[in-house]
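K.L.:
Sequence and predicted structure below; questions after.
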Amino acid sequence: MSPRGVVTPDVRERLFSAAERVLAAGGSSALTSRAVTTEAGCAKGLIHNHFAGLDEFIADLTLDRMARTVRAMEPLAQRAGQNTVAENLLFATQALIHSPGPLLGGLAAGRPAAFARVRAAMESGAPGFSTAQELIADYLRAERALGRIPEHADTATMAMTLAGTVHHLLMTGPVDGLDITEQTERLVTLLLSTFQDRAGGAGTGEDLPV
């Protein structure tokens, strides 16, 4: 068995995946150390052998899942100039929609010690929703440089709107990702249509591939 605080990747992922299943089945009130280890098929004290306690475990789970989401979005940068802008933005938002990070973040926010650990990690550069937002903004700036969206496009605000809306929908909307996807598709269409409107009809479908 690894010493306290040094958890092997396979055990770490096994516990994290088990925690997600516990949350999906019973909500935040069901998440206990024993419930996680039982779901994982591990010894009851395994979490406390590798983490300082449940708060540290929840914080590290939140950080791990947000980092995974950001990694899933990294190919967005290579998509500039390919497909349509709408398709690429929906690729990015799908990664966010299927991320458990916001829900886990909400769980951590209800536990001061876990929240403090997550916040400290984010302040030190750990990837989070703000990182995802910046990836979207970088992509939009690349498309603007290629002429696929107008020069006047406020890429930072558009990225903030997309990331912020998905976060809001995940925290307040239904668990089923389908409805969130549909709402996000409508938002992307609306945002891109404002570019065309402001262009005064000068843009075409080729200028702005929606």
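P.N.:
Looks like it arrived, so ask away. Nothing here was measured: the structure is a model prediction, and the numbers come from that model. Residues are numbered from 1 along each chain as shown.

K.L.:
need the next SSE after the lowest-mean-pLDDT helix or strand in the chain, C-terminal direction.
P.N.:
Ranked by mean pLDDT, DSSP states H and E, the weakest helix or strand in the chain is helix 101-109, scoring a mean of 76. Per DSSP states H and E, the first helix or strand lying C-terminal to helix 101-109 is helix 112-123.

K.L.:
Just give me the neighbour total for residue 32.
P.N.:
14 (other Cβ atoms under 10 Å). C-betas here are computed from N, CA, C, even on glycine.

K.L.:
swap in residue 65?
P.N.:
Applying other Cβ under 10 Å, we find 20 other residues in the vicinity of residue 65.

K.L.:
I'd like to know which elements the least confident helix or strand of the chain is packed against.
P.N.:
Other helices and strands packing on helix 101-109, by 3 or more Cβ pairs under 8 Å, 6 or more residues apart in numbering; DSSP states H and E, are helix 9-26, helix 54-73, helix 112-123, helix 155-172.

K.L.:
now residue 61, nearest residue through space, not along the chain?
P.N.:
What sits nearest to residue 61 in space, not counting adjacent residues and going by Cβ to Cβ, 6 or more residues apart in numbering, is residue 16, at 5.0 Å.

K.L.:
Touching, that neighbour and residue 63? I think so.
P.N.:
No. In terms of Cβ atoms under 8 Å, residue 16 does not count as a neighbour of residue 63; the distance is 10.5 Å.
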